[in-house]
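Undergrad: Fold the following.
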Amino acid sequence: MSRLLRLLVSLALVSGLLWYAGGLRQVIEPVVRADLGWVVLSFAVIIADRLLMTYKWTLLLSSRNVLLGILPGMKIYCSAMVWGTFLPSTMGADALRLYMTTRRGLSGDVVLASVVVERMLGFIASLCFGIVGLVLLDQRGLLDARYRIVGAVGVGVLAAAVIGFAVSLDPRVSDFFFRRLPARLAAHRFVARLERLHQTYAGFGAGRAILASFFGLTLLEQLVTIVYAWCTAKAVGVDVSFGVMAGVLPLTLLVTRIPVSIDGLGVFEGVFVLLLGLAGVPPAEAISVGVIGRIIQTASWLPWWLAQNLEDRRQSVVPGRT
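TA: You can find the predicted model right below:
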């Protein structure tokens, strides 16, 4: 029922956006006439983004002595993203990553804890870029005074997120919580596993240098995402400055985190249209940027998805059978 509702939300939002933009033809024409040079550059940028994302994840895993190569990690990451496109939120892709890595014999507890750390630091980095985005748009006179309240709230949420993440890595937190549970509840298998998972998660706090490097790479990766969006805009002939895109995209991605549609479909495009509209970009052109961005992104994942599937098939062949 939840997936059906989110699918209906996506369809409703997409239909409303197409009507607002003047019809499907107005959106598709810029995509069909896209500049090949900018398309190729966009493809290269998104591949670099995936490589950077995979590298920082393997770096995080290696801090707990769990080794995963860049190429296997890239296949797992991109395969999970392809399948995750059809799931209601990023958690679906994360669950697939966990499944595919544990099939390789990696520790499920460490992989799960690394995904949680990745998501929390990714959220903090997104908040940082979102606040910077508000400042950039405000400096260009694209926002009125009401949005400054949003910026103040964002700073408060960022501070709370940083403090919450730091506290969550303190092993004394789990000790304080679990030792105060009733003995019968504390002895339950699920509670014992939850405590072990938190201990594994808190173990990442011992490698502060790795966490700092990971966070720095996360900021760089989100900057590369902005470059990608700007390149896709150029591909469909949308004349928008890099500074405006640096203000618009982080805010759009922050709102898209709200799990109300399938893969953010309709939500991303709606916020994108609203914010680019402040810079004078027509709705149809803004939607075209989102469409070609999704196409190139999916195309960049597919070779790795295919390689992972072929590998899975080879591993599933039983010796002696044809």
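Undergrad: Grab the longest helix from the chain for me.
TA: Ordering each helix of the chain by length in residues (DSSP state H) puts helix 283-316 first.
Undergrad: Show me what that one packs onto, helices and strands only.
TA: Contacts defined by 3 or more Cβ pairs under 8 Å, 6 or more residues apart in numbering; DSSP states H and E place helix 283-316 against helix 2-21, helix 24-32, helix 36-62, helix 70-84, helix 208-235, helix 267-278. C-beta here means a position set from N, CA and C on the backbone, and glycine is covered the same way.
Undergrad: Format those as TSV; extra columns: mean neighbour count and mean pLDDT.
TA: Shown next, in TSV, are those (neighbours: other Cβ atoms under 10 Å; pLDDT from 0 to 100):
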stretch	mean neighbour count	mean pLDDT
helix 2-21	15	80
helix 24-32	15	90
helix 36-62	18	94
helix 70-84	21	88
helix 208-235	19	95
helix 267-278	22	90
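Undergrad: how near is A246 to I131?
TA: Plainly put, A246 is 12 Å away from I131 if you go by Cβ to Cβ, to the nearest Å.
Undergrad: ok so, going back, how about TSV for the helices and strands packed on helix 283-316, with distance to A202 added?
TA: Below are these laid out as TSV (distance: least, Cβ to Cβ, whole Å):
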stretch	distance to A202
helix 2-21	31
helix 24-32	47
helix 36-62	14
helix 70-84	24
helix 208-235	12
helix 267-278	34
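Undergrad: and of those, who's closest to R314?
TA: helix 70-84 (12.8 Å; Cβ to Cβ).
Undergrad: what residues does that closest one touch?
TA: 50-51, 53-55, 57-58, 68, 90, 92-94, 96-97, 100-101, 104, 263, 298, 300-302, 304-305, 307-309, 311 (Cβ atoms under 8 Å, 6 or more residues apart in numbering).
Undergrad: picking that back up, how about the helices and strands packed on helix 283-316, which one is nearest V153?
TA: Here helix 267-278 is closest among the helices and strands packed on helix 283-316 (Cβ to Cβ), at 16.8 Å.
Undergrad: Any chance of the backbone angles for the closest residue to V66 other than its chain neighbours?
TA: Ranked by Cβ to Cβ, 6 or more residues apart in numbering and with sequence neighbours excluded, the top spatial neighbour of V66 is V110, at 4.8 Å. The phi and psi values for V110, taken as degrees, to the nearest 10, are phi -70, psi -40.
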